[in-house]
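what's the 3D shape of this:
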Amino acid sequence: MSDPLAQHTGPSWTFLSNHAHVLVCLARDRDARLRDIALQVDITERAVQKIVSDLEAAGVVTRIREGRRNHYELTLGEPLRHSLEQGRTVEDLLGAILSAAELRRLKR
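Okay, the predicted model is just below:
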């Protein structure tokens, strides 16, 4: 009997949105190129650009131009947007995903 999971080539859905995935990538590497984030999240570079713009507009991310590259600062105290997440912050979300060392480095 064949294992149906063995034939599965990738996730058809995930627990987190692409916005959360991009945020996690930026938290892990605040100097990441959008092209690299697109590869990690498995979406287009254009989609990443739109998501970063959304995160900037929401006050979650600040883009700082450094020469030809961008550096991203995260506002960890920013509240999450959905009513089910009331009272939770960006830091709470990232704390559930990042390692303790990654979260400490992010807070510096």
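
could you say what helices and strands the biggest helix by length in the chain packs with?
In the chain, taking DSSP state H as the definition, the longest helix is helix 45-57. Contact partners of helix 45-57 among helices and strands, from 3 or more CB pairs under 8 Å, 6 or more residues apart in numbering; DSSP states H and E: helix 18-28, helix 34-41, strand 61-66. Placement of C-beta: from N, CA and C, glycine included.

most packed of these?
When the helices and strands packed on helix 45-57 are scored by mean count of other CB atoms under 10 Å, the highest mean neighbour count falls to helix 18-28 (a mean of 20).

quick one: that one to helix 34-41, angle?
In terms of direction (axes from the mean of the first three to the mean of the last three CA atoms, to 10 degrees), helix 18-28 departs from helix 34-41 by 120 degrees.

where in the protein is pLDDT low?
Residues of the chain that meet the criterion pLDDT under 70 lie in 1-11.

next, count neighbours for Gln86.
9 (other CB atoms under 10 Å).

from Ala100, how far off is it?
25 Å (CB to CB, to the nearest Å).

just Arg81 next, same as before
25 Å.

ends of stretch 29-48, what's the gap?
15 Å (CA to CA, to the nearest Å).

same check on stretch 52-64?
Using CA to CA, the two ends of stretch 52-64 sit 12 Å apart.

so how far is it off the chain centroid?
11 Å (CA atoms, centre = their mean, to the nearest Å).

my guess is Val22 meets Val48, correct?
Yes. Val22 is within contact range of Val48, at 5.9 Å (criterion: CB atoms under 8 Å).

leaving out chain neighbours, which residue sits closest to the residue nearest the centre of the chain?
The centroid of the chain falls nearest to Leu23 when counting by CA atoms, centre = their mean (1.8 Å). Distance criterion CB to CB, 6 or more residues apart in numbering; nearest residue to Leu23, sequence neighbours excluded, is Leu55 at 6.5 Å.

could I get the contacting residues of the one you found?
His19, Val22, Leu23, Leu26, Val61 (CB atoms under 8 Å, 6 or more residues apart in numbering).

and of those, the nearest to Trp13?
His19 (14.9 Å; CB to CB).
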